[in-house]
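[1] Dropping the sequence and predicted coords here.
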Amino acid sequence: MNKRILSLALAMAMIVLLFSGCKDNSNTDEHRLITQTTTAVIKDTGSFKLSYSQSDSLDPFKSKTLNNQVLEDLVFDSLFTMDENYEPQPQIAGSYAYTDSKTLSVTIPRGTLFSNGDEVTAQSVVNSFNEAQLSPHWRNSLKAIESAREGDNNSVIFSLSYPNPNAHNLLTFAIASSKTDKNGMAVGSGRYKYSVDDGQLKLVVNKHYPDFSPRFTKIPLVNVATEESVDNAVNIGNISFAYRDLSSGNNVRLQCNKKLINLNNLVYIGLNNYSASIVSNANIRRAISLAIDRDTLVKSSYQGCARSATSVFNPVSRLGKSTKVFGSAADPVAAKQAVAQSGYPKEKLKLTLLVNKNKNRVSAAKLIKQELEAVGFEVTINTEKDKAYKKGVKKRNFDIYIGETAVTNDMNLYSFFKKNGATAYGIDTKNSKAASAYKKYMNGKGEIGNFVIAFSEELPFIPVLYRQGMICYSKSIRGDMQGYHGNYFSNIEDWYCNQ
């Protein structure tokens, strides 16, 4: 008992000493705590500026310029958005289900509002879909969907053109109100809305958007006439942010902060699979693929702004990660073995490589020529302007050609495997085992693995790399830049500018 009393007395003494030692600083700590919890976030109404094209429409279904289409990300939400790994994330959509192989149902939760306070309804989605089907921005990606109509319980029923298990990935078109605002501007349900403030066009915060409190409450819009002028405007600070798709390969002039973002743009080698060319031999096609050093092409020809295609699908996507079949480095020994297995004598190993006058692709063509000649081929490069290049591809005036295609968000490859497909030139789609396996997969009658095996054995075309784009932003902007393609301003609420 005495020991318990002694222990209790010692504990009480320590507590008294502890509080008496902190007493002098207690007021300071309390003051600091109050300061931290009551300091207001400083609102910024002019430091962050974006470009737009005055000569183009700000209506999401009429806009043609990249400038204005990037702005749509802030003003209009969609049913789904694709994340940086090309996986679909619900935005307006509440849930979705495939009621059969060609019917997709999407529910619209009650309470989602446009910036004018009107509710986003199933009818709003149907109207927007009908507009998007005809728009420059979305009409190509929506070809896989025939129609949309209202269903029960505020749902939208999409009828598909053909079975497609990933059709919901395509529902990234803008949802707009049928009404315009007092200035005749299109109305969306996004984080900001268009406004004319003191005679200047701006974006202002949409007060109906839940849980959104950015520092940039007003964003002035600066008219920049051409894409080339956008680069200069970012460099000199006239605008704070821009997205560049780097399709021309000219990114060396950008002196601002940069962030690469993944694109679904596949650069590939098209092959003349028909009997007139040595490329009709599967061993020759395999030798070409093995001889190519994809990593070198990424680093040299594309200045690091791409990812090696280790799968036919985008390497950052779930499908791409699970279906790797290509090495990113060249294997010249295996390539020479494949050449020997083809049975062609050395004098027959001649290839014509067709390429258009794109800076990146011309550079890639020169590297591919070197790599193929290192394993025994003789390569002639035929460089043409776009019109002649397209004509040559259509008429199959090539053994191999370098092409690029923007794969839609559903990772659809039918452009390669359907007769008259936009990228099917040189592919015998009627007799292609890969085409047959792909159709079975899309129809739900085959596994993706069966298609990948058929593709790797046949190699109807050769995936080389998936190109990247770039977010460019002023050095005065602070905050973690998490934007990605289709959601360039994903965490804009965390950004701020040095004053």
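    Structure's in. What do you need?
[2] where do the strands sit along the stretch 1-150 of the chain?
    Using DSSP state E, counting those that start in this stretch, the strands of the stretch 1-150 of the chain run over residues 50-52, 80-82, 88-90, 95-100, 103-107, 145-150.
[3] The ones you listed: which one's closest to Phe461?
    Closest to Phe461 of those, according to CB to CB: strand 80-82, at 23.9 Å. In short, each C-beta sits where N, CA and C put it, glycine included.
[4] got a list of contacts for the closest one?
    Residues from elsewhere that reach strand 80-82 (CB atoms under 8 Å, 6 or more residues apart in numbering): 88-91, 93, 168-169, 171-172, 409, 485-487.
[5] related to what we said a few turns ago, between the strands of the stretch 1-150 of the chain, which one is closest to Pro345.
    Using CB to CB, the nearest of the strands of the stretch 1-150 of the chain to Pro345 is strand 80-82, at 48.9 Å.
[6] partner strands of that closest one, parallel or antiparallel?
    strand 88-90 (antiparallel) (DSSP bridges).
[7] which residues of the stretch 51-200 of the chain fall in helices?
    Here the stretch 51-200 of the chain has its helices, by DSSP state H, counting those that start in this stretch, at 66-75, 122-132.
[8] Off-centre distance for the shortest one?
    It stands for helix 66-75. 14 Å (CA atoms, centre = their mean, to the nearest Å).
[9] what mean pLDDT does that helix have?
    The average of the pLDDT scores along helix 66-75 is 96.
[10] nearest to Met442, of the strands of the stretch 1-150 of the chain?
    Proximity to Met442 (CB to CB) singles out strand 95-100 among those, at 12.7 Å.
[11] And for that closest one, what's in contact with it?
    By CB under 8 Å, 6+ apart, strand 95-100 touches Leu104, Ser105, Val106, Thr107, Pro165, Ala167, His168.
[12] Can you flag the buried ones in the residues you listed?
    The neighbour-count test (16 or more other CB atoms under 10 Å) applied to the contacts of strand 95-100 identifies Leu104, Ser105, Val106, Thr107, Ala167, His168 as buried.
[13] So which of those residues is the closest to Asp198?
    Nearest member of the buried ones among the contacts of strand 95-100 to Asp198, counting by CB to CB, is Val106, at 40.6 Å.
[14] Identify the residue spatially nearest to that closest one, adjacent ones excluded.
    Closest residue in space to Val106, ignoring its immediate chain neighbours: Tyr96 at 4.6 Å, by CB to CB, 6 or more residues apart in numbering.
[15] Could you do Ile175 as well?
    With CB to CB, 6+ apart as the criterion, Ile175 has its nearest non-adjacent residue at 4.8 Å, and that residue is Ser128.
[16] list the contacts for that neighbour?
    Each residue near Ser128 by CB under 8 Å, 6+ apart is listed here: Phe61, Phe173, Ala174, Ile175, Ala176.
[17] could you pull out the strands for the stretch 351-499 of the chain?
    Assigned by DSSP E, counting those that start in this stretch, the stretch 351-499 of the chain shows strands spanning 378-384, 400-406, 461-473, 477-478, 496-497.
[18] Need the contact partners of the second one.
    In this case it means strand 400-406. With CB under 8 Å, 6+ apart, strand 400-406 has contacts from 263-272, 279, 288, 351-356, 361, 364-365, 368, 389, 392-393, 415, 422-423, 425-426, 464, 467.
[19] Name only those of those that count as buried.
    With burial judged by 16+ other CB under 10 Å, the buried subset of the contacts of strand 400-406 is 263-272, 279, 288, 351-356, 361, 364-365, 368, 389, 392-393, 415, 423, 425-426, 464, 467.
[20] Which members of those residues occur in helices, if any?
    Residues of these located in helices (DSSP state H): Ile288, Arg361, Ala364, Ala365, Ile368, Tyr389, Gly392, Val393, Ser415.
[21] roughly how far is stretch 328-342 from the heart of the chain?
    Chain-centre distance of stretch 328-342: 33 Å, with CA atoms, centre = their mean.
[22] Check the model's average confidence along it for me.
    98.
[23] In that stretch, which of the residues would be classed as buried?
    Using 16+ other CB under 10 Å as the test for burial, stretch 328-342 gives Ser328, Ala330, Asp331, Pro332, Ala334, Ala335, Lys336, Gln337, Ala338, Val339, Ser342.
[24] Name the nearest residue to the third one, ignoring sequence neighbours.
    Excluding its sequence neighbours, the residue lying closest to Asp331 (CB to CB, 6+ apart) is Leu290, at 4.7 Å.
[25] Enumerate every residue touching Tyr243.
    Per CB under 8 Å, 6+ apart, neighbours of Tyr243: Leu66, Val70, Ile261, Gly469, Met470, Ile471, Cys472, Gly483, Tyr488.
[26] Which residue, neighbours along the chain excluded, lies closest to Lys62?
    Ser135 (6.9 Å).
[27] Let me see the contact set for the one you found.
    The neighbours of Ser135, taking CB under 8 Å, 6+ apart as the test, are Pro60, Phe61, Lys62, Phe173.
[28] now swap in Lys346 and tell me
    Gly376.
[29] Show the pLDDT at Gln36.
    You'll see Gln36 listed with a pLDDT of 42.
[30] and what of Lys445?
    94.
[31] Burial check on it, number of neighbours?
    If you count neighbours by other CB atoms under 10 Å, Lys445 ends up with 11.
[32] next one: Lys385
    The burial count assigned to Lys385 is 9, neighbours taken as other CB under 10 Å.
[33] Likewise for Gly446?
    Neighbour number of Gly446 under other CB under 10 Å is 16.
[34] Then Tyr344?
    18.
[35] In terms of helix, strand or coil, where does it fall?
    coil (DSSP: H, G, I helix; E, B strand; the rest coil).
[36] Could I get the contacting residues of the residue nearest to it when sequence neighbours are not counted?
    Leaving aside its sequence neighbours, Tyr344 sits nearest to Ile278 (CB to CB, 6+ apart; 5.8 Å). Residues in contact with Ile278 (CB under 8 Å, 6+ apart) are Ile284, Ser342, Tyr344, Lys348, Leu349, Lys350, Leu351, Asp399.
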